Every structure is written in C-alpha cells, then in structure tokens.
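[1] need a structure here:
(chains A and B)
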Amino acid sequence: MKKRGSLKRRNTQFIILMLLPAVAMVLIFTYYPMLKGIVMAFQNYNIFNINNIEWVGLGNFKELFTYTPGNMFYNTLWNTVKWVVISLFFQFTIGFGLALVLKKKFFGSGVYKGIIFFPWAVSGFMIGIMWRWMFNGTSGVINDVLVKMGILEQPFGFLAEQSTALYSVIVANIWYGIPFFVIMLTAALQGVPEELYEAASVDGATALKKFYMITLPCIKPVLVLTLLLRVIWIFNFPELIYSMTNGGPGGSSHIITSYMMETIKSLNYGKGSAIGVIVILMLSIYTIFYLCITKFDEMED
Amino acid sequence: MTAIRKKDVIKAALLILKLAVLSLTLVLVLFPFAWMLITSLKGSQAEIYAFPIKYWPEHPSLVNYINIFKVGNFGTYFLNSFVVSAAAATVSVLCGIFGGYVVARCKFRGKKAVLFFFLFTQMIPMFVMLAPLYGMMADLKLINSLWGLVILYINMTIPFSLVTLRGFFHGVPRELEEAAQIDGCGRLASLFRVVLPVIMPGIASVFIFAFVNSWNELFVSTMFIDVDAYRTIPVALNSLILKYDIKWGEMAAGTIVAILPTMAMFTFAQKYMAAGLTAGAVKG
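    Coordinates of the predicted model:
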C-alpha cells in the first residue's frame, strides 16, 4: 500500500513537472496581461490621462454603443459580419471544388498541392502588401487587366473608395484562405473508403447520388470542424486590413479587430480594451456553441 | 460502338476541364508572387509606375535588392529574424513535447481544464494584452531586446505546438513505450528514445509552424523593438510604408527576401502539416 501511494505521488509530480514550462509561460505572458487588459476596459486609461486613471464602470462600452454620427462601431460590426460570411463562403466553396478535382492522385499531384499551399507560408501582413500593390489605383495590375478587357474605362482606386475598399480586402482574404480548405478537404476526401463507391456503382448510382449519399456523410465531421475553426481565424485576422487599407478610407473598411487595433495604437487603452472584451465575449459564446456541436467530452480521448 | 464513343468523348471533355481548372488555379495562386518578383527587378521608378503596365522589366536590375541590403541593413534584420524564430521554435516545441505527451498519455483530473487553458488563448485578441505586456516587459528590462521577443514568441506558439503534438502522440501505439519501459527505460528516456523518433515528421512540422509564425510576426516586434540593430524583417518592411505611399521597388525586393525561407520550409513540410493540422483539428 505504502509503495503504491508513493508511486501515485511520483506520477503526479511527473505530470506537474512536464506541464509546468508550458503552463507557466502562458499564464505569465498571456493570461496575466489579458486580465490586466480587461481591467483597463473599465478605466479611462488613455494618452491624455496617464497619471490620473479613474474607474468609469461601463463608460467605455456606453461610448461604443451610443449612436452618434461619428461613431464607427456599428458600421464596424456590420463589416465584421460581411468580412466573415463572404470570405468564408468563397474560401469554402472554391476550396471544396478544388479538393474534389484533386481527390484522385495524378502525376505530380504532391508537388501541385505543395504549390497551392504557398500562400500559407506568408504572413497576412505581406499578403496584404502584395494585394495592395496589385489593387494600386494608378499602376496596379488589376486595373491594367480590367482596362484592357474593357470592363473599366480608366484605372479605379479600389482601396481609396468607400464602396469598394472592404470588398477588395475580402478578395485578398478569399485568395489567402482557399489553400487551407483545399488541403484539409483533400485529405478528408482521400480518407473515404473506395469500396463504398464501388458498391454504389454496382447498384447503378449516379455520380451526384454518390456525392450526396457517400461523400458528404463521410467527410461531414471534418467539414463542420474546419468551417467552425475557420470562423475564429477570419474574425481574429486584422493583419490584412491593416496592410491593405489600414481601415480607410475614413474608417469604412474596419472590422472589429482592426478597429480595436487602431484604437489601442492611438493609445486609447480604455476604449480599445473594451472592444477587446466584446471580442472575447463574442468568441466565447461562439465557442460554446462550437463545443456543443463537436461534443467536448469526446476530446479527452 | 457509338455508346462507347460517347463515353470517351465525355471522359476527354472532363479531363480537359480538369486540366483547365488546375492550370487556372496554379496561375491565380502564383501570380501575386510572380508580380512581386517582377516588380522587384524593375530598376527605375518610371518603370514601376508605368501605366499601361510593363509585364516584363525592360532592364532587369538588382538595384532594389542592393538598396535594401546596403542602405537598409537587411542583412542584420534577416539574421535577427532567423535567430529569434529558431530559438523560439525550439523552446516552443520542447514545451509542447513535454505538455502534449502528458495530456495525451496520462490520466489526471483537470485534463479538460488544461486543454481549455491552451485553446482559449487562441481567442484572445492580442491587442488587449499589449499595453499591460509593455509595462511588464519594461519592468523586466526586456524592451529592445531580442530575448524579449524570443520569450513572447515562445508564449505565442506554445498552445498550437502542444495541442498539435498531443494529436501526434495519440497516434503512437502504447505498446511501443510499454515494451521499452519493461526493458528498464525510465519514462523520459522511453519518450526520447522510442516515441519521439516515431513522430519526427510531426515534430518537424510543428517546429516549422512555430518558426514561420515567429518569422512573420509584426505587431509585437514593432511594439517592443525600436532600435535599428534589433529590428526583424517584418518591422523593416513595415517601416517602408510611408504616410502616403510605399517605396514599391524596395518593398517588393524585401517581400521576396522575407518569404523565400518560409516557402522553402513549407514546401518541405506540406505533406506532414496537413496530417498534423487534421489531427489538431479533430482532436480539438
């Protein structure tokens, strides 16, 4: 008995020691500053007011949600919805289509997939720089192509006009996100047992029927997971907007995370942190929904 | 006869369609990179800003590359980025191995909480913590220090490393370790001698992922480094964005230099990364 007890203690020690480096690191450098940041959301912490910080309760939140002509917050929220929904829809449908084409291995398909994966090696910031250059209003390649095709009469400042700035960034975001779906969904499609298709062929099923009856049900778990995870990533992705439009013109292309970034950068920590708290709340609610669907209990093993 | 021919025609048409889709995709994926490369090889402003566009440089020149390395100190930035990313990725993978192994293999209370602890970090927008973090780093005298960056990048990449490696550990049969332990290996020894070699592809891809994420990171490094000698590549590129425009020739050259190493690494690890990401996604 005694020996067993000490074995158990040693086991616990082992677990704690192995987890300690990672847990301590994240606790000190992520959770501690995050909690401090959340506290700031309830203070009037800003550049004009460094030495005289006071509690303002929900003041920062009220400022965000009060409707005034200069308040961009509602517009930003609506942009966030457009940003997530449009980007996700096209990333997914195009990615899924390509995955279906790539399902059957062919000569050079490994290399091909490697090349399709390229955009992923590059940061959102640099992707934004590349697309900003292509969308350039005076000598951008996209303008050149559209003028030559006769769609535009003269170059158009895509990133400088309120009507097109956000949609231009969304185009870049779609381009950036497609490879993720291609890779994940090709892997999933290749995992569907071939015998199922053969059996269906014997029964005389059409290609479309096979798709609905076999392919979709088999890859449904991966489908749901990638879609749900992707929402969080797109939501928390201000880099592209930062480097393409920096929220402009006139704040019209901000999403909530890039708006928060700009607020913090202008040293209005109180208001910026309040936006951060809203972001955390939104994502937490979303994640609870996500965990309910995917059943958190199954994660343990 | 005619029925067979009809089938062949459909088959051929489908093949052509498939080839067309694949080629078009390839062009669309590669074009932005190619365009950056072409821009970087244009020597004069007049050529860069010409409209209608010149799709091939008239006098290809390396002047933009020479500028960023000679005038712009890009060699130093490159080295800084490399050292910081390699150090951060190494420690991050080690922490991920220890933690991921325990979470995958041992039974203990609060395991769900530990997993949640790491997954939740992915939902925290980084800018919420930047201001308090600045105060902390100032107290620790880690402003304008590459060590400071290393610490913050370890912290940034640990959750992904740990959760993904946990997925890989799940794939290793338990019997393998048990056999080693019966032979008298301690737990750590069996982990390093028996288990790690099996998941080497996974470790390599997690390392590359951590490296690339650190290599690409912009906001933390702009906030914590403002001495030229300690700048990383993204910070240097960011400083090429002027108030109203960008020096496009140098920016293009800098972008090409910045993405070459990461692209090489991703090409190498692409096969394993898909597996790793799927494991990570499915297992949470």
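[2] got the phi/psi numbers for B:Ile241?
    Note on B:Ile241: its backbone torsions stand at phi -80, psi 110 [degrees, to the nearest 10].
[3] mind listing what it touches?
    Applying CB atoms under 8 Å, 6 or more residues apart in numbering or on different chains, we find B:Ile241 in contact with A:243, B:251. Placement of C-beta: from N, CA and C, glycine included.
[4] Also A:Leu196?
    A:214, A:218.
[5] what is the mean pLDDT for the helix or strand hosting A:Glu195?
    Here A:Glu195 sits within helix A:194-202, counting by DSSP states H and E. Averaging pLDDT along helix A:194-202 gives 86.
[6] Flag every buried residue along the helix or strand following that helix.
    Next helix or strand after helix A:194-202 toward the C-terminus (DSSP H and E): helix A:207-210. Residues A:Lys210 are the ones in helix A:207-210 that count as buried (16 or more other CB atoms under 10 Å in any protein chain shown).
[7] now for helix A:207-210, which elements pack on it?
    Helices and strands touching helix A:207-210, by 3 or more CB pairs under 8 Å, 6 or more residues apart in numbering or on different chains; DSSP states H and E, are helix A:194-202.
[8] do that again at 6 Å, thanks
    The criterion is 3 or more CB pairs under 6 Å, 6 or more residues apart in numbering or on different chains; DSSP states H and E, and there are no helices or strands that helix A:207-210 contacts.
[9] continuing past that helix, what's the next helix or strand?
    Toward the C-terminal end, the helix or strand that comes next after helix A:207-210 (DSSP H and E) is helix A:216-235.
[10] CA atoms of that next one as PDB?
    What follows is helix A:216-235, C-alpha atoms only, in PDB (Å, rounded to 0.1, in the frame of the first residue of the first chain):
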ATOM      1  CA  LEU A 216     -20.900  14.200 -47.800                       C
ATOM      2  CA  PRO A 217     -21.800  12.000 -44.900                       C
ATOM      3  CA  CYS A 218     -18.200  10.600 -44.700                       C
ATOM      4  CA  ILE A 219     -16.500  13.900 -44.600                       C
ATOM      5  CA  LYS A 220     -19.100  15.700 -42.500                       C
ATOM      6  CA  PRO A 221     -17.100  15.800 -39.300                       C
ATOM      7  CA  VAL A 222     -14.100  17.400 -41.000                       C
ATOM      8  CA  LEU A 223     -16.400  19.800 -42.900                       C
ATOM      9  CA  VAL A 224     -18.000  21.000 -39.700                       C
ATOM     10  CA  LEU A 225     -14.800  21.300 -37.800                       C
ATOM     11  CA  THR A 226     -12.800  23.200 -40.400                       C
ATOM     12  CA  LEU A 227     -15.700  25.600 -41.100                       C
ATOM     13  CA  LEU A 228     -16.200  26.400 -37.400                       C
ATOM     14  CA  LEU A 229     -12.500  26.800 -36.600                       C
ATOM     15  CA  ARG A 230     -12.100  29.000 -39.700                       C
ATOM     16  CA  VAL A 231     -14.600  31.500 -38.400                       C
ATOM     17  CA  ILE A 232     -12.500  32.300 -35.400                       C
ATOM     18  CA  TRP A 233      -9.400  32.700 -37.500                       C
ATOM     19  CA  ILE A 234     -11.100  35.000 -40.000                       C
ATOM     20  CA  PHE A 235     -12.600  37.000 -37.200                       C
END
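[11] Can you name the residues of the stretch 1-150 of chain A sitting close to chain B?
    If contact is defined as CB under 6 Å from any CB of the partner chain, the residues of the stretch 1-150 of chain A in contact with chain B are A:15, A:18-19, A:21-22, A:25-26, A:29-30, A:33-34, A:36-37, A:101, A:114, A:116-118, A:121-123, A:125-126, A:130, A:139, A:141, A:144.
[12] Report pLDDT for A:Phe296.
    Residue-level pLDDT assigned to A:Phe296 equals 50.
[13] so what pLDDT did B:Asn155 get?
    96.
[14] burial count for A:Ile53?
    Look at A:Ile53: counted by other CB atoms under 10 Å in any protein chain shown, it has 14 neighbours.
[15] I'd like the distance between the residue positioned nearest the centre of chain B and A:Phe237.
    Nearest to the geometric centre of chain B sits B:Val212, at 2.5 Å (CA atoms, centre = their mean). Distance, B:Val212 to A:Phe237, by CB to CB, to the nearest Å: 16 Å.
[16] ok, back up a step: and the helix holding A:Glu195, what's buried?
    Of the residues in helix A:194-202, A:Ala200 count as buried by neighbour count, 16+ other CB under 10 Å.
[17] and the chain, what are its domains?
    In the absence of a named chain, this looks at chain A. A:1-35, A:78-234 (automatic domain parsing).
[18] oops, chain B please
    Split into domains by automatic domain parsing, chain B comes to B:2-40, B:63-282.
[19] Show me which residues of the stretch 201-301 of chain A sit near chain B.
    Checking the stretch 201-301 of chain A against chain B by CB under 6 Å from any CB, the hits are A:225, A:257, A:260-261, A:264, A:269, A:273, A:276, A:279, A:283, A:299.
[20] from those, which would you call buried?
    Among these, the ones that count as buried by 16+ other CB under 10 Å are A:225, A:257, A:260-261, A:264, A:269, A:273, A:276, A:279, A:283, A:299.
[21] one step back: secondary structure class for the residue nearest to the centre of chain B?
    Assigned by DSSP: H, G, I helix; E, B strand; the rest coil, the conformation of B:Val212 is helix.
[22] now the residue lying closest to it once chain neighbours are set aside: how far from B:Leu240?
    Using CB to CB, 6 or more residues apart in numbering or on different chains and skipping residues adjacent in sequence, the residue nearest B:Val212 is B:Thr262, 4.8 Å away. As for B:Thr262, its distance to B:Leu240 is 19 Å (criterion: CB to CB).
[23] and these two? which has more neighbours close in?
    B:Thr262 (22 against 19).
[24] show me the contacts for the more buried one.
    By CB atoms under 6 Å, 6 or more residues apart in numbering or on different chains, the residues touching B:Thr262 are A:121, B:212, B:215.
[25] For these, give me CSV that also has distance to B:Ala13.
    Putting those into CSV (distance: CB to CB, whole Å) gives the following:
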residue, distance to B:Ala13
A:Ala121, 35
B:Val212, 41
B:Trp215, 45
